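[1] Prediction below, plus the sequence it came from.
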Amino acid sequence: MNQKKLLIGIVAIAVAFGVFFKRSCSGFRPRFATRASLAPDFSLPQLNGVPLRLSDYRGKVVLLDFWATWCDPCREEIPRFVDLQEKYGAQGLQIIAVSMDDEAQPVRDFSRRFQMNYPVVMGNAKIGELYGGVLGLPVVFIVGRDGRIHDRYAGATDIAVFERKIVSLLR
């Protein structure tokens, strides 16, 4: 009988904690880099150690890809991004990959193996927060020539969706 009372007490405390937590967090709204807002500028090291500043690409259409080597949907998108960079780079497209991996070596190996033809930088929690909390991968932002975010895509996305948006912004 004492075990039953103890179990009921634990459940009651858990429910009370859950209600308190829900109420205390209900006002929390993460700040996302939103559509039409200026893309937050950053300076991050490329795989060769040279810093890359997003603002240096103003005037280009930028596909900003938050990804990781261990992310299966990311691995599927990378070859298609290589093709997009090849196809539209001369027209003003610049893809920038922001790796959310913990270490650079697996990213270097991956970049060579997949022949990534665009800059790859090492991201961190701070850049994820600047872009609204990159909690799942992949996350892609399309930034117009004016430096404003035009779209945000979370999760695996059909490459045709990216291509349509890129073509419309390159015009």
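    Yep, that arrived.

[2] How about Phe141, nearest residue that isn't a chain neighbour?
    Distance criterion CB to CB, 6 or more residues apart in numbering; nearest residue to Phe141, sequence neighbours excluded, is Leu64 at 4.3 Å. Glycine gets a C-beta too; all of them are placed from N, C-alpha and C.

[3] Let's see the helix or strand containing the one you found as PDB, backbone CA atoms only.
    Element membership for Leu64 (DSSP states H and E) is strand 61-67. Listed next in PDB are the C-alpha coordinates belonging to strand 61-67 (Å, rounded to 0.1, in the frame of the first residue of the first chain):
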ATOM      1  CA  VAL A  61      21.500  35.300 -54.500                       C
ATOM      2  CA  VAL A  62      22.700  33.200 -51.600                       C
ATOM      3  CA  LEU A  63      21.500  29.700 -50.700                       C
ATOM      4  CA  LEU A  64      22.600  29.300 -47.000                       C
ATOM      5  CA  ASP A  65      22.600  25.600 -46.100                       C
ATOM      6  CA  PHE A  66      22.800  24.600 -42.500                       C
ATOM      7  CA  TRP A  67      23.800  20.900 -42.600                       C
END
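
[4] Show me what the mean pLDDT comes to for it.
    When pLDDT is averaged over strand 61-67, the result is 98.

[5] Thank you, goodbye.
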